[in-house]
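A.B. asks: I need the structure of the sequence given here:
(2 chains)
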Amino acid sequence: RKEVEQDPGPFNVPEGATVAFNCTYSNSASQSFFWYRQDCRKEPKLLMSVYSSGNEDGRFTAQLNRASQYISLLIRDSKLSDSATYLCVVRGAAGNKLTFGGGTRVLVKP
Amino acid sequence: ETGVTQSPTHLIKTRGQQVTLRCSSQSGHNTVSWYQQALGQGPQFIFQYYREEENGRGNFPPRFSGLQFPNYSSELNVNALELDDSALYLCASSSNRNGYNEQFFGPGTRLTVL
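C.D. replies: Numbers count the residues shown, from 1 in each chain, chains lettered A, B, ... in the order given. I've put the predicted structure just below:
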């Protein structure tokens, strides 16, 4: 079993719609959680950290469920520019290693 | 732009050869992590360097080795290249070893092994 698992998609989303997807992680000792965004053939960039209480950044909302060991990302009012691969990232207790999921591809269409 | 630079941007090698990839960290950052990203997959942690010492390693064989220099720039060396080493190699710099400060990624080096 992979340490961090994501639905690879693609999620085809009409512009203006809402899309949500999850990722699951296997190590219950994981300390921190993040969503990164990666555009085609570019480097990953931090989208947002994920806090236990859930957090929102504009149109993006992230949730963490420690009991079930999953995190989620919801994108409201999708824009064409939201088309990208979203990487779920987990940091372990040692703090020196980020473990990435395989990514969820989102395609926003007019 | 993150201020993290990598060279070269692209590289083509043949099986059995050796390669050195370079990374310059963002100003003020003392930690560099290296990742391998195969096509269609997420980045996989290779190792991390903190103040010139290796500080953690992923599941990669010893033919993957690295260095960090006093100015905190870093090199990734891969010996005896295999076809499966074809990937995007990303380095990321940060300012703290164990407490989490955001890792900023460079644009990557795309390695093709023929």
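
A.B. asks: which residues sit in contact with A:M48?
C.D. replies: A:M48 makes contact with A:F34, A:W35, A:N55, A:D57, A:F60, A:A62, according to Cβ atoms under 8 Å, 6 or more residues apart in numbering or on different chains. Using the backbone N, CA and C atoms, a C-beta is placed for each residue, glycine as well.

A.B. asks: Among the residues you listed, name the ones in strands.
C.D. replies: Taking DSSP state E as the definition of strands, the contacts of A:M48 contribute A:F34, A:W35, A:N55, A:D57, A:F60, A:A62.

A.B. asks: Once you drop chain neighbours, what's closest to the fourth one?
C.D. replies: Leaving out its chain neighbours, the residue that sits closest to A:D57 by Cβ to Cβ, 6 or more residues apart in numbering or on different chains is A:M48, at 5.0 Å.

A.B. asks: who's the one you found bridged to?
C.D. replies: Residues in a beta bridge with A:M48, per DSSP bridges, are A:W35.

A.B. asks: pLDDT value on it, please?
C.D. replies: For A:M48, the model assigns a pLDDT of 94.

A.B. asks: Distance check, the spatially most central residue of chain B against B:S73.
C.D. replies: In chain B, the centroid-proximal residue (Cα atoms, centre = their mean) is B:W34; its distance is 3.1 Å. Distance, B:W34 to B:S73, by Cβ to Cβ, to the nearest Å: 12 Å.

A.B. asks: hey, what's in contact with both of those two?
C.D. replies: What both B:W34 and B:S73 touch, as defined by Cβ under 8 Å, 6+ apart, is the set B:C23.

A.B. asks: The lowest-mean-pLDDT helix or strand in chain B and chain A, any residue contact?
C.D. replies: Least confident helix or strand, chain B: strand B:53-57 with a mean of 91, by mean pLDDT, DSSP states H and E. Yes - Strand B:53-57 comes into contact with chain A (Cβ under 8 Å from any Cβ of the partner chain), by way of B:N55, B:G56.

A.B. asks: residues from chain B in reach of chain A?
C.D. replies: Neighbours of chain A within chain B, by Cβ under 8 Å from any Cβ: B:2, B:33, B:35, B:40-45, B:48, B:50, B:55-56, B:58, B:90, B:97-100, B:102-103, B:105-108.
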